[in-house]
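[1] any chance you can model this:
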Amino acid sequence: MRQYVVENDKIFYALREELLKATKEIVVVSSWFTDTELISILAEKQSSGVNVFVVISDNSDNSEVDYTPITNAGGKLIRVRIDKGGMMHQKFCIIDSRVAIHGSYNWTLNARKRNNESVILTEHEATIKALSDTYNSIVNMIDDSAGVKNHSWKKWFKRTNAKTDRMLVEKNENPSNNFSSKSDLEFLLDEMIESEIFKFDKESLSKEGFKRSQLTNGDHQTLPNTLDTLYADFVNSLNLATEKKESLSLKINEAKKHKTSKVTHDRDLDINLKEAEFQSKDTVIEREVVQLQSEVRKGELDIENIRNTEISSLEKDNEDISKEIENLQIGYVHTKIRWFELIPLIVLGIVLLAYLIVFYSSAAYILIFSTADAKLAQMQNMIIPPPEVFDPKAIGKALDKGGTAPYFMGLFVVIPISLALVRKFLPNPVSFFKSFTIWLSIFLVDAILAYTVSKSIHDVEYLSGKVSSVWQFSDFYKNENFYLVFVLGALGLIMFKIIYEKFHLTFEERNKDSVRSRNQRKVSILKKTINRNNDRINRFESNIAEISKSILEYKASISEKEKERISLPILIEKEKQFIIKKAEQKITEIEDIISLYMSRIENNDLKFSTSALIDRINTFIEGWVNYLHDNYSIRRAVEMSNNATITKNQWLEAKVKQHGNK
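    From the prediction side, this is the model:
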């Protein structure tokens, strides 16, 4: 269960938070209710389906506030005024019958911003029920007051410990019909005059009623004459003595001074508040203008950077590419043969080709025949010649063997040479995957060849007794012959591949169709690059357009803010003049009311007070009834008291009607 104290500026936020949580019903009872933000919240909650009930005091401050947002949305508003100068002074709120907020806080801007206030926010069921009962008693009292003509005088003039005064009530249907035109000052003056003129000794009057009842044995038929005597004394009290006039004049002048001082004080507070609001708003606008100007400068720098860096760079690239395209589109230009380059290429190519033929022929012979030759020499008890990675007599030995051996060795050389040249026979452009596959094939074939040759040499060495172990697969990475064959073979192929491609390029550059086709491919690629650059330039231009649009909006906002700032002193001066004029009107109203009441006092032109008369009569009857209960049985006393009350009410009704017709 929540229950805690909320103080000062935190009260408003606690109220707002709890009101916004409401889902069923909001009950507000507040003497003063001028905070328009809270009015708006209540109107919104009513529109959303929450039942809103508001009870306020019928005073001059509340009369200047527009509550129609609440009532137009369907909410209920009741104004309460006590006829004898008092007021409904409750300040609490009940939300969904689950939480209550009560304390010194009026629902006004002054209370929110300037006053020192405190409230209790509670979910205590007993407290909520007590406040709910208070609200219901106010509403019931209003209902009784509104229906006074249909009630008996007995109910209306029944005396209780807390005297019930007549209340004027404003309902939602037509606020102007029931709204009292009396100001707070008039009620205060009426109360002041009544307390001065119509004051009496209640104890003495009650005793007199007791004695009269005793003298007449409680006979209610004698009451009208006795009440007429009391009435005559009451009327005579309207003729003021000089001392009372002076006393009242002093009190009224004091009330005038107090009211005028309050109006002046409120005027000064309102002016100070307006000036503070003006200063705050001026500071906010100045800060907003600085922020907007910063955004404008940032946007302009962004545009300058995009134009001078990004777009300028792309345009320069396009210009260079366009010149390159122009040169490519000029066409074929016949170039002279550069013999100083071509002759070395031819010589190197022939030498490398011869090297590859001899090297791979030797490797093929060793691969095919070296082991067989060693076994044959062993069988013939001949010395096995030491094996080498290169056999210079391999071609001659192959020819001596006859058959297909020479042809196979010649064709064997074609395989690695074809792998070195195959790229030139593939359609352009050759993908990375194809190039990688070609290089991998070259190294793989050369590695296999190096492995088999090194194995054959090892087998010959095993037969000749130079090594004692049979060849194992894992021996290749320790065998120097493997690396020697691999390097000599791969290096020759790579060099021959490079020489051939250079030789091919030299003649391709002199081929008109080849040059034209190559140039067309280059032009196509370069044009795509220009298009990509243009797309980027267009995106940058669109970005510049967006930034420029934002800059224009910022500048328009700056212009509006500066105009608003220039107009602020004029607006604040108008509001100050309005506050001053309103205060002057209130002071004039106060002076007029005071003058009117002073004139009435001076001329003994005082109003007849029904409530004061009722108070005297009820006090007298109270003593009358006390005698009956002291000297008769309860049943008899009640019967005689009822007769006395009926007679009193009939007499009062006649007197009130008599004064109503005057």
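[2] quick check: mean pLDDT of stretch 28-39?
    When pLDDT is averaged along stretch 28-39, the result is 91.
[3] off-centre distance for that stretch?
    On the basis of CA atoms, centre = their mean, to the nearest Å, stretch 28-39 sits 27 Å off its chain's mean C-alpha point.
[4] again with stretch 521-541
    Distance, stretch centre to chain centre, for stretch 521-541: 43 Å (CA atoms, centre = their mean).
[5] repeat for stretch 206-217
    Using CA atoms, centre = their mean, we find the averaged C-alpha position of stretch 206-217 to lie 77 Å away from the chain's own average C-alpha position.
[6] same thing with stretch 435-450?
    Distance of stretch 435-450 from its chain centroid, counting by CA atoms, centre = their mean, is 67 Å.
[7] and the contacts of it?
    Defining contact as CB atoms under 8 Å, 6 or more residues apart in numbering, one finds that stretch 435-450 is touched by 360, 363, 367, 415-416, 419-420, 422-423, 481-486, 489-490, 493-494, 497. All C-beta spots, glycine's among them, are computed from the backbone N, C-alpha and C.
[8] out of those, which end up buried?
    For the contacts of stretch 435-450, burial is judged from neighbour counts taken by 16 or more other CB atoms under 10 Å, and it is met by 360, 363, 367, 416, 419-420, 422-423, 481-482, 484-486, 489-490, 493, 497.
[9] now, those residues that are in helices?
    When helices are assigned by DSSP state H, the members of the buried ones among the contacts of stretch 435-450 inside them are 360, 363, 367, 416, 419-420, 481-482, 484-486, 489-490, 493, 497.
[10] from those, which two are the most distant?
    Every pair in those was compared (CB to CB); the two farthest apart turn out to be 481 and 497, at 24.3 Å.
[11] what separation is there between the nearest residue to residue 575 once chain neighbours are set aside and residue 394?
    Closest residue to residue 575 in three dimensions, ignoring its sequence neighbours and counting by CB to CB, 6 or more residues apart in numbering: residue 274, at 5.2 Å. Relative to residue 394, residue 274 is positioned 115 Å away (criterion: CB to CB, to the nearest Å).
[12] who has more neighbours, those two?
    When residue 274 and residue 394 are compared on other CB atoms under 10 Å, the one with more neighbours turns out to be residue 394, at 22 against 17.
[13] which ones are touching that one?
    Taking CB under 8 Å, 6+ apart as the definition, contacts of residue 394 comprise 358, 361-362, 364-366, 409.
[14] again, only this time at 7 Å
    For residue 394, the set of contacting residues under the criterion of CB atoms under 7 Å, 6 or more residues apart in numbering consists of 361-362, 365.
[15] out of those, who's the most crowded?
    Greatest neighbour count in the contacts of residue 394, by other CB under 10 Å, goes to residue 365: 25 neighbours.
[16] which residue is the nearest non-sequential neighbour of that residue?
    On the basis of CB to CB, 6+ apart, the spatially nearest residue to residue 365 that is not a chain neighbour turns out to be residue 394, at 3.7 Å.
[17] got it, and residue 47?
    residue 73 (4.7 Å).
[18] torsion angles phi and psi at that neighbour?
    Its backbone dihedrals place residue 73 at phi -80, psi -10, with angles given as degrees, to the nearest 10.
[19] what of residue 107?
    The phi/psi pair for residue 107 (degrees, to the nearest 10) reads phi -90, psi 70.
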